[in-house]
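> Sequence and predicted model, in that order:
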Amino acid sequence: MTVKPYNFAVAEARSYAHPVFDGVVKHTFLIQAQHLPSALPTGANARDPVGMNRRVYRDVVESLRANESILGSFDLMNLGITIIADRVEMVDKKLFRVLIADEDGIVNGAHTARIIEQCQKDQVIPDEQYVEVRIVTGLSGTPDALKSDMAKGQNTGIAVRAESIYDTEGLFDRLKSAVSTESWSSRISWRESDKGDFDVRDLTSILEALNVIDFSNSSNKHPVHAYEKWSIGVSKYADDFKKNKNDPSKRVYAALEPILLDGLYLYDLIRHDFRQIFNDHISKSGGRLRIVEEAPASKGKFDFPFANLEADRYRLTKGAAFPIFAAFRNCVLYDAATHTCRWNGGFEGVLEMWRRMAPDLVRETFEGTKDIGRTPDALGKNRSHWANLHRVVRLDVLSAALEAAEGM
């Protein structure tokens, strides 16, 4: 058995003796994520930190980078890391030396630790992001089974996600059919255990953002949850399927599915074009915007498979992209007689509108960062921002309709 020392620089530290097991002490550290020690042993963990391409772990990455969460909230959203160690020595109030045996170490949170380690290498962790680390010492004098019981008990936190159950029930068969001929279809994960760069929530969120049936363009309601809480889109899709199982023609999302591929294309286009449009029309500093993310060194460049666009080092974050994308709901027409949705003037007309209106929408988004907050999550959850962008596109659509009527 090898015991190694690890230095923990802390923002806050608390320690207390266990009330039942003599000699056992629990230490709680709050640490800047970018300063978490690397290569912590995982000998005590009941499951190895593998499967890092599972969507649930990629969601943790986005949370850590604060692309899809409030800056500074990582320790409040994440369960943190629990470690079994030999002992903890205080060097000073803000620095502790922790001695850990290779057969002990992380008993829960190994995936979190590995995610943080990778993001440290990519230098993408904001200073404001912290992680909570709990260290248990003094277990050598307790029953031998306690360590293994801790490992089993600490690793029961990831529940089966709803979409895994929905997929088993065949609820996503129509979506699978809709994307089956696309070159990127194999990159979609339909259940939690699937390996893929995207999952079914990406698809249902696109449909929800364009949902003119539940969110009429003439109303003041907007599908903010398409970004804010992706699970709602999946749940609504599943509920709609079950409710109309005997009559699929009445499904709300059956009417929207014909425009899914176009919607994904437009979404990719917006994320791809934003920075260059900002540089061309507003300032040359688009790469320094908080709402524009740069690909980490480990990734190289972002790809845009839905629109088959050239890979790029930069892309617009989801929080900033969704309000722009959802504003094009103004271009979706619902035909109640045929229960189908289509693009007003065809999808080529929508693409032309994006090219024409992009500078205005980029400018409005930039102004939004000044008024609302510079983080993408603040924009993505702000109702007023969604309403404002929707109004900008709606005025253009109505003006075009008026001109067409006057020209008749």
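Structure's in. What do you need?
> which element follows the least confident helix or strand in the chain by mean pLDDT toward the C-terminus?
With mean pLDDT, DSSP states H and E as the measure, the helix or strand of the chain carrying the lowest mean pLDDT is helix 145-154 (a mean of 64). For helix 145-154, the succeeding helix or strand toward the C-terminus, using DSSP states H and E, is helix 162-168.
> mind exporting that next one as PDB, just the C-alpha atoms?
Output of helix 162-168 as PDB, limited to C-alpha atoms (Å, rounded to 0.1, in the frame of the first residue of the first chain):
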ATOM      1  CA  ALA A 162     -37.000   9.400 -18.000                       C
ATOM      2  CA  GLU A 163     -35.900   9.300 -21.600                       C
ATOM      3  CA  SER A 164     -34.400   5.800 -21.100                       C
ATOM      4  CA  ILE A 165     -37.800   4.500 -20.000                       C
ATOM      5  CA  TYR A 166     -39.600   6.400 -22.800                       C
ATOM      6  CA  ASP A 167     -37.200   4.800 -25.400                       C
ATOM      7  CA  THR A 168     -37.900   1.300 -24.100                       C
END
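> Packing partners of that helix?
For helix 162-168, the elements it packs on are helix 200-209, helix 230-243, judged by 3 or more Cβ pairs under 8 Å, 6 or more residues apart in numbering; DSSP states H and E. Heads up, the C-betas are built off the backbone N, CA and C, glycines and all.
> State the mean pLDDT of it.
For helix 162-168, mean pLDDT rounds to 78.
> Which residues does that helix contact?
Here helix 162-168 makes contact (Cβ atoms under 8 Å, 6 or more residues apart in numbering) with 172, 190-193, 199-201, 231, 234-235, 238.
> next one: stretch 244-264
By Cβ under 8 Å, 6+ apart, the surrounding residues in contact with stretch 244-264 are 174-175, 178-179, 182, 202-204, 206-207, 209-211, 213-214, 236-237, 240-241, 306-307, 325, 332, 334, 339-343, 347, 350.
> Quick check on these: which are buried?
For those, a burial check counting by 16 or more other Cβ atoms under 10 Å picks out 174-175, 178-179, 202-204, 206-207, 209-211, 236-237, 240-241, 306-307, 325, 332, 334, 341-343, 347, 350.
> For the most centrally placed residue in the chain, which non-adjacent residue is closest in space?
By Cα atoms, centre = their mean, the chain has its centre lying nearest to D59, at 4.7 Å. Ranked by Cβ to Cβ, 6 or more residues apart in numbering and with sequence neighbours excluded, the top spatial neighbour of D59 is E68, at 7.6 Å.
> dump the residue contacts of that neighbour.
59, 62, 317-319, 376-377, 380.
> measure V212 to A327 for me?
Look at V212 and A327: by Cβ to Cβ, to the nearest Å, they are 12 Å apart.
> Between the two, which is the more surrounded one?
With neighbours defined as other Cβ atoms under 10 Å, V212 and A327 compare such that A327 has more, 26 against 19.
> isn't that one right up against L395?
No - contact criterion Cβ atoms under 8 Å: A327 and L395 do not qualify, at 10.8 Å.
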